[in-house]
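> Could you work out the structure for the sequence below:
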Amino acid sequence: MTLALLTVAISVAVGLLAAIAAHARLWVLAPVRAFAVVAVAAAIALHVVPEAIDGAGWWVLAPVVLGFVAPPLVGKVARSAAVAHRRVAAELSYAGVMVHQLGDGIGLGALTGEAHDDHVHWDFVIGVGAHTVPLVAVIALTFAELGGRRAALVRAAGMLVATVAGVALTRIDTSFMVAAGPWINAAVAGLLFHVLLHDADDRAVPRAARPLEAVGAALGAALPFVAVGHDHGGLTGALREGLGDVIVALAPVVVVGGVVATALARRPRLRPAAIAAVVAGPVTVVALLLAGYVAAATSLDLAGDDLPVLSAIPTAVGVAAAALLAALALGRIATAGFLTWLGRAPGHHAHAGHAHAGVRAHPRTNARAEAGGDGTA
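Model (predicted):
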């Protein structure tokens, strides 16, 4: 149990310190925000959602969707009470994450308890710690933006308490978490997706710091593959084992499609830069991920006999095309910024004429950030 408590304390502390430093200075915000957002999104897509499907079937996608659409719906209902949409999303996400951390604590306690003294599941311990760091950073950054450093400290402390409580609960019957876990995690996934896509701190980052965003995004994307946790079967195992093959099989198609679209482009909106932004942007990432889900669920071998056209493409060509797409994506982040790569205009909360209630205005303007200022908040 000592190992479990130590893992929890270190993970929460690292995530909180990263968030506090990022909230204070934009050049620190750049890599921390990119790392945390990409790492949490990748963990949700590659771990949380497929594991929930394995645990309770495809019906768990319903709470994923509900969790995603709930914040704006609740925000509209509560508008008469002057409750901001962003606040609703943050609070609902925090409540879900607290339950999720309770489950993580139960898992840590169960696999580091007396029954496992002779064999520590280091893969699981490292996996939980690795995904807790960016999760705490995302939540702490959100509440630091809403209420300052004290709010971030309080919420991080709550996550620590919830995880420790989960570790302590391993001394009693925890079968209720086994049954409810997939449904809870699915709802948490939807809520977090909403926060990641709509409500992250959106201060524009100085040009000089944008390469750091690319580094953070690359590390965040790699984290779920490095800290994979314990082995899984079913959809989760098939997705983890086959996603790389899916990407290598489809990357040449994406590259060739982008080249053809650029050559045939006539309309102003289809200029080469716009096409490149799509080819090397989140749309392609989501499309490849969905293809991975389909292949894993149907046992479809994209590069095998199931699709002879794709199987005719040499593996080396597929790897080179995948590397090119990754380089283009990271290059766009390094030049245009992470928020622009996501398709969001930096600082839109402050300039859209409808700033969220409870969000404090930042003293540094986007103009100064674009000019390459030091970004100190």
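> Give me the secondary structure label for Asp301.
coil (DSSP: H, G, I helix; E, B strand; the rest coil).
> can you give me the helices in the stretch 1-150 of the chain?
Assigned by DSSP state H, counting those that start in this stretch, the helices in the stretch 1-150 of the chain fall at 2-24, 26-43, 49-56, 61-77, 85-111, 122-147, 149-169.
> Would you mind giving those as CSV with mean neighbour count and mean pLDDT added?
Quick note: C-beta positions are derived from backbone N, CA and C, even for glycine. Formatted as CSV, the entries for these read as follows, by neighbours: other C-beta atoms under 10 Å; pLDDT from 0 to 100:
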stretch, mean neighbour count, mean pLDDT
helix 2-24, 20, 81
helix 26-43, 25, 82
helix 49-56, 22, 85
helix 61-77, 16, 74
helix 85-111, 22, 75
helix 122-147, 23, 77
helix 149-169, 19, 86
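> can you put those in JSON lines and add distance to Val294?
As requested, the helices of the stretch 1-150 of the chain are exported to JSON lines (distance: least, C-beta to C-beta, whole Å):
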{"stretch": "helix 2-24", "distance to Val294": "33"}
{"stretch": "helix 26-43", "distance to Val294": "18"}
{"stretch": "helix 49-56", "distance to Val294": "13"}
{"stretch": "helix 61-77", "distance to Val294": "14"}
{"stretch": "helix 85-111", "distance to Val294": "27"}
{"stretch": "helix 122-147", "distance to Val294": "25"}
{"stretch": "helix 149-169", "distance to Val294": "34"}
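> of those helices, which approaches Val283 most closely?
helix 26-43 (14.2 Å; C-beta to C-beta).
> Run the chain-centre distance for the closest one.
8 Å (C-alpha atoms, centre = their mean, to the nearest Å).
> just stretch 271-278 next, same as before
Once both centres are worked out by C-alpha atoms, centre = their mean, stretch 271-278 turns out to sit 24 Å from its chain's centre.
> repeat for stretch 207-221
Mean-position distance between stretch 207-221 and its chain equals 15 Å (C-alpha atoms, centre = their mean).
> Quick check: buried residues in it?
Along stretch 207-221, these residues count as buried under the neighbour rule (16 or more other C-beta atoms under 10 Å): 207, 209-221.
> Next one: the nearest residue to Ala168 once chain neighbours are set aside relative to Gly158, how far apart?
Ranked by C-beta to C-beta, 6 or more residues apart in numbering and with sequence neighbours excluded, the top spatial neighbour of Ala168 is Gly109, at 7.2 Å. Counting by C-beta to C-beta, to the nearest Å, the separation of Gly109 from Gly158 is 18 Å.
> Kindly report the same for Ala52.
When Ala52 is compared with Gly158 (using C-beta to C-beta), they lie 23 Å apart.
> cool, and Ile139?
Counting by C-beta to C-beta, the gap from Ile139 to Gly158 is 9 Å.
> what residues are shared contacts of those two?
With contacts defined as C-beta atoms under 8 Å, 6 or more residues apart in numbering, the residues adjacent to both Ile139 and Gly158 are Tyr94.
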